[in-house]
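# here you go, sequence then predicted model.
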Amino acid sequence: MSFFGNGAVNRVNLHTVIQALSEGAGGVFVLVFLLRAGVPAPLVLCAMAALTAGRFVLRPLVLPLARRIGLRRTLILGTVGEAAVFPLLPLVDGVDGYFLAFVLIGPIGSVLYWTCYHAYFAAIGDDEHRGSQVALRTALTSIVGVIAPLLGAGLLAAGGPWLAFLAAGAIQILAVLPLVGAPEVPLAPPSREPLKGVMTGAALMACDGVFAGGYFFVWQIALFTALDESFTAYGGAMALAAFVGAAFSLWIGKRIDAGAGRSAVVVAFLVAAGVLMFRALSIGSPGLAVTANAVGALVTAVWMPALGAPIYNLAKASACPLRFNVATEAGWDIGCGAACLIGSAMIWGGFTYAAPVLLGLAGAAAAFAILWRRYGRVETSALST
């Protein structure tokens, strides 16, 4: 595969694999651990909304910091910062001071990491292999995702939250190592960013945020509840899901790079909509919920390449990928925060988890409409050359 020839992308993929191990062993248990620690489900979703609000407020500070120390170093700082929340989690006992500290500290590392990660990946990637590079990254994280939740569940069962979350934090810090020798990406001088590309990127990210609110965050709580709040069963369900999706993402990435973006988007939307409805119907049935979670791996496999490839290409074509991501990541914060708040209100109002899970359909449908137009222009342009 020719896209393996990009050494910088290979380094970032290695970093992503280690980071995914931390995310799978610790990160996917964060919201459900808060639930087990006595935080009511609506407040867990409010905490997620508060984290996105904190990211939104702090994001303008990323640009001056990256100008001062460099994009790669800021990404390294964010990688370490992401580990800072893990030691707080074992201390949480309901809605207490440690819970508040988690909500306040969490956005700092997150905003540094994800804003710089996406900007860096956009800058070093290759337009002609973008779909395959995003798909390969998704497949690698899916493979790690088979092992990581089992590891996290085992550590929680054997040593409790201190062992599990401190181990996740240590792995997160180890993810710095592949970035140490990676190339620096120069930041462009201040200039006027083309508004159209930024608005398209921000709209897509907002749609993805709404989708993530229902598909990921509400669903994690619903699945954990359906499995009688068992960390072991929850970790096993997450591992099974990752196993299902790894190879399919490579197929969808090749379709995008071959100029069949519209067909990839249709597949991504149909799979996303179908799985969301299946998840909503499975609420209350542990067996169906585990199956719906496993089938959901196909969504990540097709959704991320179809959505990520055009966003990364828009970022690379912009005057400055970092400034582009500062603007567009705000869209994700708004979309996800709004979905989590609406979901929280629904649960507080007596709805089952099915209703807020289905909120993700609105984000998927809106993203499909934007991507259909976007890929249509790209394919028309390719045919005319």
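Cool, the structure landed.

# Gly296 is in contact with Phe216, isn't it?
No: using Cβ atoms under 8 Å, Gly296 makes no contact with Phe216, being 9.2 Å away. Any C-beta I mention is one placed from the backbone N, CA and C, and that applies to glycine too.

# pick out whichever of those two has more residues nearby.
Gly296 (25 against 19; other Cβ atoms under 10 Å).

# phi, psi of that one?
phi -60, psi -20 (degrees, to the nearest 10).

# hey, C-alpha coordinates of the helix or strand harbouring Leu270 in CSV?
Assigned by DSSP states H and E, Leu270 falls within helix 261-282. Coordinates of each C-alpha in helix 261-282 appear next as CSV, following Å, rounded to 0.1, in the frame of the first residue of the first chain:
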residue,chain,number,x,y,z
GLY,A,261,-17.3,9.0,-2.3
ARG,A,262,-21.1,9.2,-2.8
SER,A,263,-21.6,5.5,-2.7
ALA,A,264,-19.5,5.4,0.5
VAL,A,265,-21.7,8.1,2.0
VAL,A,266,-24.8,6.2,1.2
VAL,A,267,-23.4,3.1,2.9
ALA,A,268,-22.3,5.1,5.9
PHE,A,269,-25.7,6.8,6.4
LEU,A,270,-27.7,3.6,5.9
VAL,A,271,-25.6,1.7,8.3
ALA,A,272,-25.6,4.6,10.9
ALA,A,273,-29.4,5.0,10.7
GLY,A,274,-30.0,1.3,10.8
VAL,A,275,-27.8,0.7,13.9
LEU,A,276,-29.2,3.7,15.7
MET,A,277,-32.8,2.4,15.3
PHE,A,278,-31.6,-1.1,16.3
ARG,A,279,-30.0,0.3,19.4
ALA,A,280,-33.2,2.2,20.3
LEU,A,281,-35.2,-1.0,19.9
SER,A,282,-32.7,-3.0,22.0
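
# for the helix or strand just after it, buried residues please.
Using DSSP H and E, the next helix or strand after helix 261-282 towards the C-terminus is helix 286-295. For helix 286-295, a neighbour-count test (16 or more other Cβ atoms under 10 Å) marks 286, 289-295 as buried.

# which one among those residues gets closest to Ile105?
Ile105 lies nearest to Asn293 out of the buried residues of helix 286-295, by Cβ to Cβ, at 29.3 Å.

# give me the angle between the helix holding Leu270 and helix 286-295.
Compare the direction of helix 261-282 with that of helix 286-295 by axes from the mean of the first three to the mean of the last three Cα atoms, to 10 degrees and you get 170 degrees.

# pLDDT and distance to Gly154 added to the buried residues of helix 286-295, as CSV?
Shown next, in CSV, are those (pLDDT from 0 to 100; distance: Cβ to Cβ, whole Å):
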residue, pLDDT, distance to Gly154
Pro286, 89, 20
Ala289, 89, 21
Val290, 87, 18
Thr291, 86, 23
Ala292, 86, 24
Asn293, 84, 19
Ala294, 79, 19
Val295, 78, 24
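
# can you classify Asp93 by secondary structure?
What DSSP: H, G, I helix; E, B strand; the rest coil gives for Asp93 is coil.

# ok, then the element right after the strand or helix carrying Phe33?
Per DSSP H and E, Phe33 falls inside helix 30-36. Downstream of helix 30-36, the first helix or strand assigned by DSSP H and E is helix 41-58.

# for the first helix or strand past that following helix going along the chain, buried residues please.
Using DSSP H and E, the next helix or strand after helix 41-58 towards the C-terminus is helix 62-69. By neighbour count on 16+ other Cβ under 10 Å, the buried set for helix 62-69 is 62-63, 65-66.

# again with stretch 21-41
Applying 16+ other Cβ under 10 Å to stretch 21-41 flags 21-37, 39, 41 as buried.

# now do stretch 315-322
315-316, 318, 320-322.

# whichever strand or helix holds Val134 packs against which elements?
Element membership for Val134 (DSSP H and E) is helix 130-174. Secondary-structure packing of helix 130-174 (3 or more Cβ pairs under 8 Å, 6 or more residues apart in numbering; DSSP states H and E): helix 7-25, helix 71-82, helix 231-257, helix 297-317.

# mind putting the buried residues of stretch 315-322 into a markdown table with distance to Leu177?
Formatted as a markdown table, these follow (distance: Cβ to Cβ, whole Å):
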| residue | distance to Leu177 |
| --- | --- |
| Ala315 | 25 |
| Lys316 | 25 |
| Ser318 | 29 |
| Cys320 | 27 |
| Pro321 | 23 |
| Leu322 | 23 |
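
# pull the helix or strand with minimum mean pLDDT from the protein.
One helix or strand of the chain scores below all others by mean pLDDT, DSSP states H and E: helix 231-257, with a mean of 66.

# that older thread, out of the buried residues of stretch 315-322, which is nearest to Gly159?
Leu322 (39.4 Å).

# which residue packs closest to that closest one, ignoring adjacent ones?
Ala119 (4.1 Å; Cβ to Cβ, 6 or more residues apart in numbering).

# contact partners for the one you found?
71, 185, 315, 321-322, 324-325 (Cβ atoms under 8 Å, 6 or more residues apart in numbering).

# name the nearest of those relative to Thr52.
Using Cβ to Cβ, the contacts of Ala119 come closest to Thr52 at Asn325, 15.3 Å.
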